[in-house]
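Novice: Just to be clear, the model below is a prediction. Sequence and coordinates:
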Amino acid sequence: MAALQPPRAPHMHIDRKPVQLAIVFAGKRKSGKDYCSDRLLALIGDEVAEIGRLSGPLKKAYAEEHDLDYAELLTDSPYKEQHRARMITWGEERRNADAGFFARKVLAAASKPILIISDARRPGDVAFFLENVPRVITVRVEASQDTRRARGWVFSTGVDDAESECGLDSYEKWDVVLKNEDEADVHEQLAVLTKKAADALATQADSLREKMNKPT
């Protein structure tokens with residue numbers, strides 16, 4: 001599939017962040033958020049899209065403060081699981097002081113028109129992008145507990161019952177609910193999501209053109 005093209009507004013300087021569309025994924029551990037985000041990026045094309053992980057700046061800051069291996073914290077390794085609970089507590093303390101602390105860092109570092117957020121966990125994460133990006137598509141990735149167990153999920157007290165896993169359980173305003181049970185079906189759902197992204201960019205382009213042509 002051809003890469004999506006960013007909106008163009010020739011002969012007009014717009015003093016704003018480059019991100020025109022944020023696609024915000026959320027879901028339980030082992031639901032497949034990262035997998036779906038990676039597949040969506042492959043469909044859209046990295047010429048116009050990139051993945052941002054809210055856990056990235058969190059893990060980097062936590063690793064630096066506690067002298068840990070940042071690269072290992074980005075994986076699904078036992079090393080990350082060993083530090084997960086303490087890292088969650090530390091991150092909550094930072095968010096309580098500034099709800100947009102980590103999301104702001106990710107958005108500031110983005111350089112493509114489409115930013116795919118792979119790991120929203122709280123209503124504040126979603127709200128931040130809704131307030132700071134022109135167009136947003138929210139996606140809830142769902143998988144049954146049996147499917148998640150088959151992928152290696154085991155319930156962990158202090159992790160699976162924490163806000164980082166349950167903060168969006170009661171959120172209902174998802175634009176897309178993606179069922180990640182069958183790979184073929186997931187591909188079809190992601191293709192539909194890719195079209196939604198293209199439509200959202202086209203709408204944003206029309207809005208920019210309207211502003212450009214409006215008499216001053």
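Specialist: It's in.

Novice: now the helices for this structure?
Specialist: 33-44, 55-66, 70-73, 78-97, 101-109, 123-132, 145-150, 163-166, 183-213 (DSSP state H).

Novice: Give me the local confidence score for the residue nearest to the spatial centre of the chain.
Specialist: By C-alpha atoms, centre = their mean, the chain has its centre lying nearest to residue 117, at 1.5 Å. Here the pLDDT value assigned to residue 117 is 97.

Novice: and if you look at residue 12?
Specialist: 31.

Novice: Burial check on the residue lying closest to residue 140 once chain neighbours are set aside, number of neighbours?
Specialist: Setting aside the residues directly before and after it, residue 140 is nearest to residue 174 in space (C-beta to C-beta, 6 or more residues apart in numbering), at 4.4 Å. To be clear about C-beta, it is placed using only N, CA and C from the backbone, and glycine gets the same treatment. Neighbour count of residue 174, defined by other C-beta atoms under 10 Å: 17.

Novice: swap in residue 195?
Specialist: Neighbours of residue 195 (other C-beta under 10 Å): 13.

Novice: swap in the one 5 residues further on?
Specialist: If you count neighbours by other C-beta under 10 Å, residue 200 ends up with 22.

Novice: Can you add mean pLDDT and distance to residue 23 and give the helices of the chain back as JSON lines?
Specialist: Listed next are the helices of the chain as JSON lines, based on pLDDT from 0 to 100; distance: least, C-beta to C-beta, whole Å:
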{"stretch": "helix 33-44", "mean pLDDT": "95", "distance to residue 23": "7"}
{"stretch": "helix 55-66", "mean pLDDT": "89", "distance to residue 23": "17"}
{"stretch": "helix 70-73", "mean pLDDT": "90", "distance to residue 23": "24"}
{"stretch": "helix 78-97", "mean pLDDT": "87", "distance to residue 23": "22"}
{"stretch": "helix 101-109", "mean pLDDT": "91", "distance to residue 23": "13"}
{"stretch": "helix 123-132", "mean pLDDT": "94", "distance to residue 23": "9"}
{"stretch": "helix 145-150", "mean pLDDT": "92", "distance to residue 23": "22"}
{"stretch": "helix 163-166", "mean pLDDT": "81", "distance to residue 23": "20"}
{"stretch": "helix 183-213", "mean pLDDT": "80", "distance to residue 23": "6"}
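
Novice: which stretch among these comes nearest residue 22?
Specialist: helix 123-132 (4.4 Å; C-beta to C-beta).

Novice: What helices and strands are in contact with the closest one?
Specialist: strand 21-27, helix 101-109, strand 114-120, strand 135-142 (3 or more C-beta pairs under 8 Å, 6 or more residues apart in numbering; DSSP states H and E).

Novice: Can you mark which positions in the second one are buried?
Specialist: Residues of helix 101-109 classed as buried: 101, 102, 103, 105, 106, 107 (neighbour count, 16 or more other C-beta atoms under 10 Å).

Novice: Pick out the most distant pair among the residues you listed.
Specialist: Using C-beta to C-beta, the buried residues of helix 101-109 span at most 11.5 Å, a distance reached by 101 and 107.
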